[in-house]
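Undergrad: Can you look at this prediction? I've put the sequence above it.
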Amino acid sequence: MKALMKWESGAGHVALRETERPVPGPDEVLIRVAAAGICGTDIKIWHGTTWSNPPVILGHEYSGVVVGLGRNVTGLQPGDRVVSETAQVVCGKCAYCRSGRELMCDRRLSIGYGVNGIHRCAAGHCPQDTGQPGL
């Protein structure tokens, strides 16, 4: 499948690249993206004016439908509609994490720039030359 990837630091260095289809880990959910946004952070990453962790698949604002569950996931089922929470990795120990404000965690890695995001497209569902992604 193809993904919109920032493959190197600095201005530019963003293109559709081949990548593996995501498979949910034991505590993860696979989501078919129905709608995705391009936000100011994505533009800043493209221009090289904000931090990212290349190579990384862009995209962190989305809604979609659950299509796969890791073995430890409870409370969700295939077909559930969901929206994004961008914090993928947090410490779980700092005052922010303990108070439910994980987005302020100093160790936070968010989808779309700290870890791989959602701008991916499967064969037959990815516009050839437009760079418009979707899963």
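TA: Alright, I've got the coordinates. Residues are numbered from 1 along each chain as shown.

Undergrad: ok, the residue located most distally from the centre of the chain - contacts?
TA: Relative to the centre of the chain, the most outlying C-alpha is that of residue 95, 25.2 Å out, by Cα atoms, centre = their mean. By Cβ atoms under 8 Å, 6 or more residues apart in numbering, the contact list for residue 95 is empty. C-betas here are computed from N, CA, C, even on glycine.

Undergrad: Find me the pLDDT at the residue most central in space within the chain, would you?
TA: Taking Cα atoms, centre = their mean, the centroid of the chain lies closest to residue 117, which sits 1.8 Å from it. If you check residue 117, the pLDDT there is 82.

Undergrad: can I assume it is in contact with residue 61?
TA: No: the pair residue 117 / residue 61 is not scored as a contact, 9.2 Å apart, by Cβ atoms under 8 Å.

Undergrad: Buried ones in whichever helix in the chain runs longest, by neighbour count?
TA: For the chain, the longest helix by residue count, based on DSSP state H, is helix 40-47. Residues 41, 42, 45, 46 are the ones in helix 40-47 that count as buried (16 or more other Cβ atoms under 10 Å).

Undergrad: which residues touch the very next helix or strand once past that helix?
TA: Moving toward the C-terminus from helix 40-47, the next helix or strand (DSSP states H and E) is strand 56-57. Under the criterion Cβ under 8 Å, 6+ apart, residues 3-6, 19, 112-120 lie in contact with strand 56-57.

Undergrad: from those, which would you call buried?
TA: 3, 4, 5, 6, 112, 113, 114, 116, 117, 118, 119, 120.

Undergrad: Report the two of the residues you listed separated the most.
TA: Pairwise distances across those (Cβ to Cβ) peak at 16.7 Å, for the pair 114 and 120.

Undergrad: quick one: residue 118 and residue 82 touch, right?
TA: No: between residue 118 and residue 82 there is no contact under Cβ under 8 Å: 11.5 Å.

Undergrad: Which neighbours do the two have in common?
TA: With Cβ under 8 Å, 6+ apart as the test, residue 118 and residue 82 both reach 31, 64.
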